[in-house]
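> here is a sequence with its predicted model. Questions after.
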Amino acid sequence: MMADKSASHVKFEIKDRDGMGRICEFYIGSRSAETPLLLPVINPNMMIITPKEMVEKFGIRALITNSYIIKKTPELREKALAEGVHGLLDFDGLVMTDSGTFQSHVYGDVEVKPEEIVEFQRAIGADIGTPLDIFIEPDFTYDEAKEAVDETLRRVEMSAAIKGKMALSGPVQGGVHTELRTYCARELSKTDCAIYPVGGIVPLMENQRYSDLIEIIIAAKKGLDPSKPVHLFGCGHPMFFPIAALLGCDVFDSAAYAKYARDGRMVFDDGTRHIEDLEYSPCACPVCSTHTISEIKKALPEEKVRLIAEHNLHATFGMIRRIKAAIREGTLWELAERTCRAHPTLLSALKRLERHADFMEKFEPQSRTRAFFYTGPESAWRPAAKRCAERVLERYAPEEICVWLDETQRPYSASYRAVADEVRSICGASLIVRSPFGPAPLELDEAYPFGQSVFPEKVDYEAEKRAEELCKLFEEKNPNCRFIRWEGRKTLDFLKTGKSLESKLKSKCDLSSPVILTSKQLSHFDFLPTRPFEQTPGLKSDVERVKALADFQFGKGAAKALFGDAPVEIRKSRATGKIRTVFSNGEHVLSMRAEDGFFTLKIAGAKRLAAVFRPPALRVVVNRDSAEFNRQGKNVFARFIVECDAGVRPGDDVLVVDENDALVAVGKALMNGDEMRAFRSGIAVKVREGIEKELNSE
């Protein structure tokens, strides 16, 4: 159960997304920062680079410092109490303070009480304070970890009661026990926290236990309120950022830039190297562009540390920018997959995502602005590929005769136009490509990801095996169909015989499983001339393409709801010859988007779907106050949503209805169903057309 949607001085609004990654604006009072966000760790006792310099050189809007160190250092404590932590650091952006938990991990204990450190953080004006949670080591038993989690939860609840106007973080603990991580996350989601750090991960990072870290992040995400940012506490190396962002981590902090610099280590996207082992830098940052490695080595000790620290920050912030660009472009999966190939343990972590494809699919956009770009066998397990395969299995209704076609150049319908003409001039067969996504019916070949994907001429064995398994599953799901492999003229000659398969196959074959017949195999059967197959001259009509796509996009039964037995009129682009608009019985029900091959739903089509699909299917329910504005074509804000279909995914066309299930608008979902119920701010549905606007246009 999530906290209610009351107004607050804390806001978190989605601006863009890809995978579980998201670009958001995070507001704390009058201050804000954009995620994915890197918080440089500032030790006020040892500032290699000051916050003011970081603002000038790196444009930082937020940082993190340690309130325990400030409290235990008399001169820092007095100045912080007098001028506030912002005055102490000479920084006017968001300041998050840690509590001393990490010091307890390093030194075994800290000399401060939980309530005392929260009161101190509040007193020095921290924007976000952190409770003194219990650092759970990786070797803790389940019982030890459970006891520590319960104590952390008690301390968070106590801290929330005394925090005042300060925003509070809620550390998700649990060690390597994933069920405890989920439990802790669910309990924290009931408290008044503004951000959720996933704590206790430093030992895992230091020992490159990235697979364990993947399991921990996902376990936490499963229990957390999705409307709040997730902070991966202590993750400062950029090579882990892309996969962490893909899993929905919004905030990172880095002390590594300074710690590594003191050790003479330089951070790169693919790992860390000691400067003494380098002759050349593979980096183009301002430091490496103006200094040779030899010059940095010969610099005075203090200057050498500073130069390496600046380089490390450039590399770290550079990865954050790459992640944001990838989210905007819809290529975060590709970035994560490529980056994980930099290290074997990261590649192992990437392979773990296969286990969690179902959970990640909930956050997967319907389509992307860029093509599905294959980078390796793990690409076959992306949620977009999984969803596509499942929808074909569940929503596509093949004809009695199915002809398997080999993978070829996209779009398939163009490459196989002559074949389709010949086959469908003989019988009403379904033509299906054995694609890297599994079965790809020609009617769906322009929809994402079938029509917007780039693969090598031959995919890896694992991906090929996955595709073959999906084709076999499709055959098993359709036992009444007869599957024939395309063999050119031989297949056409067989179809032209017009001989009945049923009577002979019953006596010659075991019909308990699907039958795949080549022309050579067919020659073994002595068919008698009987009735010809049902004739469907020419290409399968555009109407059939539209109907197949409607079911694929909106759900089985959508085509019947939208068209029934009414006349269907299809208008095409003069320039491209592709479908543009679809009319049923004279009403404009759908428009087709050129960028992803999916439909845009019109009010007339929405009414037909609403009449057939029972609530809450395809729906976003808004309260009375919002409904009046949505009817006029105004967007739906998350705070006004009462309920919604749990199956809604980002990018889906949805029906906006009031609490009486009266249609008020249609639009594009920007969140999934769980997020719509949880978020307190931001646009949840971008309304395309309102009922009132439609009535006025008539």
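Noted; the coordinates are in hand.

> next, give phi and psi for D98.
phi -90, psi 170 (degrees, to the nearest 10).

> do E25 as well
phi -100, psi 130.

> thought it was touching K15?
Yes. In terms of Cβ atoms under 8 Å, E25 counts as a neighbour of K15; the distance is 6.2 Å. No exception for glycine: its C-beta is placed from N, CA and C like everyone else's.

> joint contacts of these two?
E34 (Cβ atoms under 8 Å, 6 or more residues apart in numbering).

> residues of stretch 353-371 that come out buried?
353, 356-357, 360-368, 371 (16 or more other Cβ atoms under 10 Å).

> most widely separated two among those residues?
H356 and A371 (24.0 Å; Cβ to Cβ).

> low pLDDT regions in the stretch 401-550 of the chain?
For the stretch 401-550 of the chain, the stretches with pLDDT under 70 are 498-540.

> how about 90 then?
For the stretch 401-550 of the chain, the stretches with pLDDT under 90 are 424-428, 493-541.

> which stretches in it count as strands?
Using DSSP state E, counting those that start in this stretch, the strands assigned to the stretch 401-550 of the chain run over residues 401-406, 430-435, 438-441, 453-454, 482-485, 515-517.

> can you list the strands that the fifth one pairs with?
For strand 482-485, the pairing partners within the sheet under DSSP bridges are strand 401-406 (parallel), strand 515-517 (parallel).

> likewise the shortest one?
As defined by DSSP bridges, the strand partners of strand 453-454 come to strand 372-373 (parallel).

> and the angle for the helix or strand following the partner strand with strand 430-435?
Proceeding N to C from strand 372-373, the next assigned helix or strand is helix 383-395, under DSSP states H and E. With axes from the mean of the first three to the mean of the last three Cα atoms, to 10 degrees defining the directions, helix 383-395 sits at 150 degrees from strand 430-435.

> from the buried residues of stretch 353-371, which has minimum pLDDT?
On pLDDT alone, R368 ranks lowest of those, at 92.

> pull the longest helix from this protein.
Determined from DSSP state H, the single longest helix within the chain is helix 301-329.

> identify the residues contacting the next helix-or-strand element following that helix?
As assigned by DSSP H and E, the chain's next helix or strand after helix 301-329 is helix 332-340. By Cβ under 8 Å, 6+ apart, the residues outside helix 332-340 that reach it are 18-19, 21, 239, 242-243, 245-246, 269-270, 322-323, 326, 346-347, 349-350, 373, 375-376, 378-379, 382, 384.

> so helix 332-340 versus helix 383-395, what angle?
Going by the same axes, to 10 degrees, helix 332-340 makes 130 degrees with helix 383-395.

> nearest spatial neighbour of A371, skipping sequence neighbours?
The shortest distance from A371 to any non-neighbouring residue, by Cβ to Cβ, 6 or more residues apart in numbering, is to Q452 (4.4 Å).

> isn't that neighbour right next to D596, touching?
Yes. Judged on Cβ under 8 Å, Q452 makes contact with D596 at a distance of 6.4 Å.

> which neighbours do the two have in common?
Residues touching both Q452 and D596 by Cβ under 8 Å, 6+ apart: 367-368.

> just the terminal-to-terminal distance for stretch 214-231.
One end of stretch 214-231 sits 14 Å from the other (Cα to Cα, to the nearest Å).

> any buried residues in that stretch, and which?
For stretch 214-231, by 16+ other Cβ under 10 Å, it's 214-221, 223-231.

> narrow those residues to those in helices?
214-221, 223.

> any chance of those residues in a markdown table, plus pLDDT and distance to V55?
Listed next are those as a markdown table, based on pLDDT from 0 to 100; distance: Cβ to Cβ, whole Å:
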| residue | pLDDT | distance to V55 |
| --- | --- | --- |
| I214 | 97 | 34 |
| E215 | 98 | 37 |
| I216 | 98 | 33 |
| I217 | 98 | 30 |
| I218 | 98 | 35 |
| A219 | 98 | 36 |
| A220 | 98 | 31 |
| K221 | 98 | 32 |
| G223 | 98 | 36 |
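
> for F317, give me its contacts.
38, 58.

> ranges for the helices of the stretch 501-650 of the chain?
Ranges of helices within the stretch 501-650 of the chain are 502-508, 519-522, 542-554, 558-563, 603-612, 624-630, based on DSSP state H, counting those that start in this stretch.

> what's the fifth one in contact with?
What it means is helix 603-612. Residues from elsewhere that reach helix 603-612, judged by Cβ under 8 Å, 6+ apart: 554, 557-558, 560-562, 584, 587-590, 599, 601, 618-619, 655, 657, 661, 663, 666, 689, 691, 694.

> how about the longest one?
If you take Cβ under 8 Å, 6+ apart as the criterion, helix 542-554 is touched by 391-392, 395-397, 441, 443-444, 447, 557-559, 562-563, 568, 570, 579, 582, 590, 597-599, 601, 609, 613, 618, 653.

> let's see 7 Å
391, 395-396, 441, 443-444, 447, 558-559, 562-563, 568, 570, 579, 582, 598-599, 609, 618 (Cβ atoms under 7 Å, 6 or more residues apart in numbering).

> got the angle between it and helix 603-612?
Going by the same axes, to 10 degrees, helix 542-554 makes 60 degrees with helix 603-612.

> what comes up buried for helix 542-554?
Buried, per 16+ other Cβ under 10 Å, within helix 542-554: 544-554.

> so which pair among those is furthest apart in space?
Farthest pair in the buried residues of helix 542-554, by Cβ to Cβ: E544 and F554, 16.3 Å.

> find the nearest non-adjacent residue to R306, please.
I48 (5.7 Å).

> the one you found and E303 touch, don't they?
No. Contact criterion Cβ atoms under 7 Å: I48 and E303 do not qualify, at 10.7 Å.

> quick one, which of these two is more surrounded?
Shown here are I48 and E303; by other Cβ atoms under 10 Å, I48 has more neighbours (19 against 11).

> check contacts around the more buried one.
So I48 contacts 258, 261, 305-306, 309 (Cβ under 7 Å, 6+ apart).

> let me have these in CSV, extended by pLDDT.
Converted to CSV, the contacts of I48 look like this (pLDDT from 0 to 100):
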residue, pLDDT
A258, 96
A261, 97
V305, 97
R306, 97
A309, 97
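
> farthest-apart pair in the residues you listed, please.
A258 and R306 (9.8 Å).

> more crowded one of those two?
A count of neighbours by other Cβ under 10 Å puts A258 above the other of A258 and R306, at 24 against 18.

> three-state assignment of the more buried one?
Secondary structure assignment for A258 (DSSP: H, G, I helix; E, B strand; the rest coil): helix.

> which residues in the stretch 151-300 of the chain form strands?
Going by DSSP E, counting those that start in this stretch, the stretch 151-300 of the chain shows strands at 167-168, 196-198, 230-232, 251-254, 265-268, 271-274.
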